[in-house]
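everything below, folded, please.
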Amino acid sequence: MELEALKYIAAGLGAGMAVIGGAMGIGKIGAAALEATGRQPEVANTARVTMIIAAALVEGATFFGLIICFMMVS
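Below is the predicted model:
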């Protein structure tokens with residue numbers, strides 16, 4: 001295989017792993033927030049705000065990984 005073809009394969013695999021990791025992280029954050037709300041309904045607003053902030057940080061890291069993978073190709 002040529003080096004250019006390996007770059008495309010590596011970028012595709014890296015982007016896929018970044019997206020899967022981000023989705024798993026956001027899923028775990030959501031599950032924890034729902035569990036906290038179920039245990040203590042009076043902290044639902046606080047748990048929701050914390051969940052949104054944490055999910056945004058995970059999503060930002062995922063986008064950073066995607067950008068690095070796309071930069072590998074060019």
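
run a quick neighbour tally on Leu34.
Counted with other Cβ atoms under 10 Å, the neighbours of Leu34 add up to 14. Any C-beta I mention is one placed from the backbone N, CA and C, and that applies to glycine too.

now for the strand or helix carrying it, which elements pack on it?
For Leu34, the host element (DSSP states H and E) is helix 3-39. Counting contacts by 3 or more Cβ pairs under 8 Å, 6 or more residues apart in numbering; DSSP states H and E, helix 3-39 packs against helix 44-73.

mind listing what's buried along the helix it packs on?
Residues Ala47, Met51, Ala54, Ala55, Val58, Thr62, Gly65, Leu66, Cys69 are the ones in helix 44-73 that count as buried (16 or more other Cβ atoms under 10 Å).

give me the angle between that helix and helix 3-39.
Using axes from the mean of the first three to the mean of the last three Cα atoms, to 10 degrees, the direction of helix 44-73 lies 180 degrees away from that of helix 3-39.

from the chain's centroid, how far away is helix 44-73?
5 Å (Cα atoms, centre = their mean, to the nearest Å).

residue closest to the middle of this protein?
Nearest residue to the geometric centre of the chain (Cα atoms, centre = their mean): Gly22, 1.8 Å.

many thanks, have a good one.
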